[in-house]
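Trainee: model this:
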Amino acid sequence: NCSLGPAAMLSTVKRLVAAASVPVLVNPNAGLPESIDGQTVYNVDAHEFAKEMKDIVEAGAHAVGGCCGTTPEYIQALIAEVEDIPFIPPAPKHKTVISSFSRTALIGDEAQPLIIGERINPTGKKRFKQALIDHDIDYIISQGLEQEKAGAHALDVNVGSPEVDEVELIQEVIGKLQSILPLPLQIDTSNVEAMEKALRMYNGKALINSVNGKEETMEAVFPLVKKYGGVVIGLALDEDGIADTADGRVAVARKIYERAADYGIAKENVIIDGLCMTVSADPESALVTLETIRRIHDELGGNTILGVSNISFGLPARELINSYFFAMALQAGLSSAIINPNNKAMMQAYRTENSYRSAARLSPAELRAAMASGEILQATALAFDTRRQLRFELGGVKAVMPFAQCADGAETGTVRDIAVLTRVGRPTCFVIEGLDTDEDGAPCYRLSRAKAQQLCKAEYLDTLSPGDILPCTVTHIEPFGAFCDV
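Mentor: Numbers count the residues shown, from 1 in each chain. This is a model prediction of the structure:
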């Protein structure tokens, strides 16, 4: 509306129509205003205005009109120009998106898994809890800035503590964060009043943490989600507690989807939390969580989230446990994770899995299906493009890999990195880059990896040569990659 003429608005209209599931209304000025002899004059006449507006209607605008500088003559010319163009109603795009005032984040198979920084939360953090009590807003903001720098795509915001007024403080903290940081925020509270106050003043489409399968909770939270907009996290628990099977948690997820639909909340605006329970209390709980994530993704076509660090609560070597489990959850199809992005092992696990996923351009379900069938995906190099990306074909899917992820010295037409990260025991393959020796001086092959090279002993040095495909089987997974038997 206003500001520009129709020609200058056309590119913006195309972007809006491509993204919006709601009607797009366009009311341009009659061009840009000019001051001539003390009079404001617009530089697009009625005929030109109508012609340019036809392009906007054909681009998909659902209603059109005019703003500054237009007159009834302009509108009459516009109607005559576009009245025979068929009306096409807006179509739902079914994308899961959160946003701040200036940045959007897409969640799902079309995007890389979303990292939500967990540090703005008093749970288990004495320094942060004291900052809330002392009203140390600068410290809270610093936690947001650190997490943005570390690679977080969104930030969890939880200021719930018995010593503070959560309703007032959450508004202040969100206001301060949004005045400094561009990242979307996750409003994390069980206080319905605080949730509504935060949603009312939030600038963008928030991630809301959370609702669950309890009828009382759904009746309190879903009306707020519908009124203010947002993407809500649904915890896979209900009046019966947390199910100890994937069947039980998937059943709760179905119920949450159905009740959300009753309030007019689309499935894409609900993300299911499969619930991480500490393995120190129940060693089988991790497997239940992973199976829940896989089934939500594969059977229900839904997006998922986990608070990953819960898996290791009360255990030593938490960093290792968290990073291993995180890698496995990503392979199961996890869409988003609440983690500490300052943790090096967690981000290594994330970037390793994400580099393979993005290189293959295969969904987790497609990748699992290929691996489970015993198929060994092989890549064929095509060429380097002008952006220094290696273009290749993997499992029938054309893909690209940035030059930085390829081994030094790679040449056009030579595959230097086709490793596919898989679950333990599934076949994969590498391309032999050359011959080398291990730390004991024994001969071995040098294999290509994304951002790393693995040394793998081979017994048949006389039968294989650089460029041959070397089938391997994954034995176990480290945060930086997979160990394989040849």
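Trainee: What distance do you get for the residue nearest to N343 when sequence neighbours are not counted to L177?
Mentor: Among residues not flanking N343 along the chain, E319 sits closest, at 6.4 Å (Cβ to Cβ, 6 or more residues apart in numbering). C-betas here are computed from N, CA, C, even on glycine. In this view, E319 and L177 are 27 Å apart by Cβ to Cβ, to the nearest Å.
Trainee: Between those two, which has more neighbouring residues?
Mentor: Neighbours were counted for E319 and for L177 using other Cβ atoms under 10 Å; L177 has more, 21 against 16.
Trainee: ok, that one touching L185?
Mentor: Yes: L177 lies in contact with L185 (Cβ atoms under 8 Å); the separation is 6.4 Å.
Trainee: Now the common contact residues for these two.
Mentor: When contacts are counted by Cβ atoms under 8 Å, 6 or more residues apart in numbering, L177 and L185 are jointly contacted by 155, 157.
Trainee: Does anything pack onto the helix or strand hosting I56? Which helices or strands?
Mentor: Assigned by DSSP states H and E, I56 belongs to helix 46-58. If you count contacts as 3 or more Cβ pairs under 8 Å, 6 or more residues apart in numbering; DSSP states H and E, helix 46-58 packs onto helix 6-19, strand 63-64, helix 72-82.
Trainee: I'd like the C-alpha coordinates of that helix written as PDB, please.
Mentor: Extracted in PDB, the C-alpha atoms of helix 46-58 (Å, rounded to 0.1, in the frame of the first residue of the first chain):
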ATOM      1  CA  ALA A  46      -4.400   6.300 -15.700                       C
ATOM      2  CA  HIS A  47      -3.700   4.300 -18.800                       C
ATOM      3  CA  GLU A  48      -0.100   3.400 -17.800                       C
ATOM      4  CA  PHE A  49      -1.300   2.700 -14.200                       C
ATOM      5  CA  ALA A  50      -3.900   0.200 -15.500                       C
ATOM      6  CA  LYS A  51      -1.400  -1.600 -17.800                       C
ATOM      7  CA  GLU A  52       1.100  -2.000 -14.900                       C
ATOM      8  CA  MET A  53      -1.600  -3.200 -12.600                       C
ATOM      9  CA  LYS A  54      -2.500  -5.900 -15.000                       C
ATOM     10  CA  ASP A  55       1.000  -7.400 -14.400                       C
ATOM     11  CA  ILE A  56       0.300  -7.300 -10.700                       C
ATOM     12  CA  VAL A  57      -3.000  -9.100 -11.100                       C
ATOM     13  CA  GLU A  58      -1.400 -11.700 -13.300                       C
END
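Trainee: Which of the residues in it are classified as buried?
Mentor: 46, 48-50, 52-57 (16 or more other Cβ atoms under 10 Å).
Trainee: So for that helix, mean pLDDT?
Mentor: Averaging pLDDT along helix 46-58 yields 97.
Trainee: That one vs helix 6-19, what angle?
Mentor: If you take axes from the mean of the first three to the mean of the last three Cα atoms, to 10 degrees, helix 46-58 sits at 10 degrees to helix 6-19.
Trainee: Residues touching helix 46-58, excluding its own?
Mentor: Outside helix 46-58, the residues touching it (Cβ under 8 Å, 6+ apart) are 5-7, 9-10, 13, 26, 28, 30-31, 44, 64, 66, 70-71, 73-74, 76-78, 80-82, 85.
Trainee: ok now that helix, how far from the chain's centre?
Mentor: Using Cα atoms, centre = their mean, to the nearest Å, the mean C-alpha position of helix 46-58 is found 38 Å from that of the whole chain.
Trainee: and what of stretch 32-47?
Mentor: 46 Å.
Trainee: buried residues in that stretch?
Mentor: Buried residues in stretch 32-47 (16+ other Cβ under 10 Å): 42, 44, 46.
Trainee: Tabulate those residues (CSV), appending distance to G333.
Mentor: Shown next, in CSV, are those (distance: Cβ to Cβ, whole Å):
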residue, distance to G333
Y42, 54
V44, 51
A46, 55
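Trainee: Out of the residues you listed, which is nearest to G264?
Mentor: Comparing the buried residues of stretch 32-47 against G264 with Cβ to Cβ places V44 closest, at 40.4 Å.
Trainee: neighbours around the closest residue to the closest one other than its chain neighbours, how many?
Mentor: Nearest non-adjacent residue to V44, counting by Cβ to Cβ, 6+ apart: G31, 3.4 Å away. G31 has 22 neighbours, counted by other Cβ under 10 Å.
Trainee: next one: phi and psi at G31?
Mentor: G31 has phi and psi values of phi 80, psi -170 when expressed as degrees, to the nearest 10.
Trainee: Please apply the same query to I305.
Mentor: phi -150, psi 150.
Trainee: what sits against it?
Mentor: Residues in contact with I305 (Cβ under 8 Å, 6+ apart) are 116, 233, 271-273, 334-338.
Trainee: Can I get the residues you listed in CSV including pLDDT?
Mentor: Listed next are the contacts of I305 as CSV, based on pLDDT from 0 to 100:
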residue, pLDDT
I116, 98
I233, 98
I271, 98
I272, 98
D273, 98
L334, 95
S335, 95
S336, 97
A337, 98
I338, 98
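Trainee: Quick one: the helices and strands packed on helix 46-58 as a markdown table, columns for mean pLDDT and distance to H94 too.
Mentor: Output for the helices and strands packed on helix 46-58, formatted as a markdown table (pLDDT from 0 to 100; distance: least, Cβ to Cβ, whole Å):
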| stretch | mean pLDDT | distance to H94 |
| --- | --- | --- |
| helix 6-19 | 94 | 12 |
| strand 63-64 | 97 | 23 |
| helix 72-82 | 97 | 29 |
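Trainee: Out of those, flag the one nearest A253.
Mentor: helix 6-19 (27.1 Å).
Trainee: Quick one: list the elements packing against the next helix or strand along the chain from that closest one.
Mentor: Toward the C-terminus, helix 6-19 is succeeded by strand 25-26 as the next helix or strand (DSSP H and E). Here strand 25-26 touches helix 6-19, strand 63-64, going by 3+ Cβ pairs under 8 Å, 6+ apart.
Trainee: following strand 25-26, which helix or strand comes up?
Mentor: Counting by DSSP H and E, what follows strand 25-26 is strand 33-36.
Trainee: Could you spell out the sheet neighbours of that following strand, each with its direction?
Mentor: strand 39-42 (antiparallel) (DSSP bridges).
Trainee: now what about the partner strand, what contacts it?
Mentor: Outside strand 39-42, the residues that touch it by Cβ under 8 Å, 6+ apart are 5, 29-35, 68-69.
Trainee: Tell me the secondary structure of the residue nearest to N343, please.
Mentor: Each residue gets one of three states, and E319 gets helix by DSSP: H, G, I helix; E, B strand; the rest coil.
Trainee: Same check on the one 10 residues further on?
Mentor: Judged by three-state DSSP, the three-state class of A329 is helix.
Trainee: Contacts only, for it.
Mentor: Taking Cβ under 8 Å, 6+ apart, we find A329 in contact with 289-290, 293, 306, 308, 337.
Trainee: can you do 10 Å?
Mentor: Taking Cβ atoms under 10 Å, 6 or more residues apart in numbering, we find A329 in contact with 113, 274, 276, 286, 289-290, 293-294, 304-306, 308, 311, 337, 349, 353.
Trainee: try L132
Mentor: Each residue near L132 by Cβ under 10 Å, 6+ apart is listed here: 120, 122, 125, 139-140, 158-161, 163-164, 166, 169, 173.
Trainee: Lovely, talk soon.
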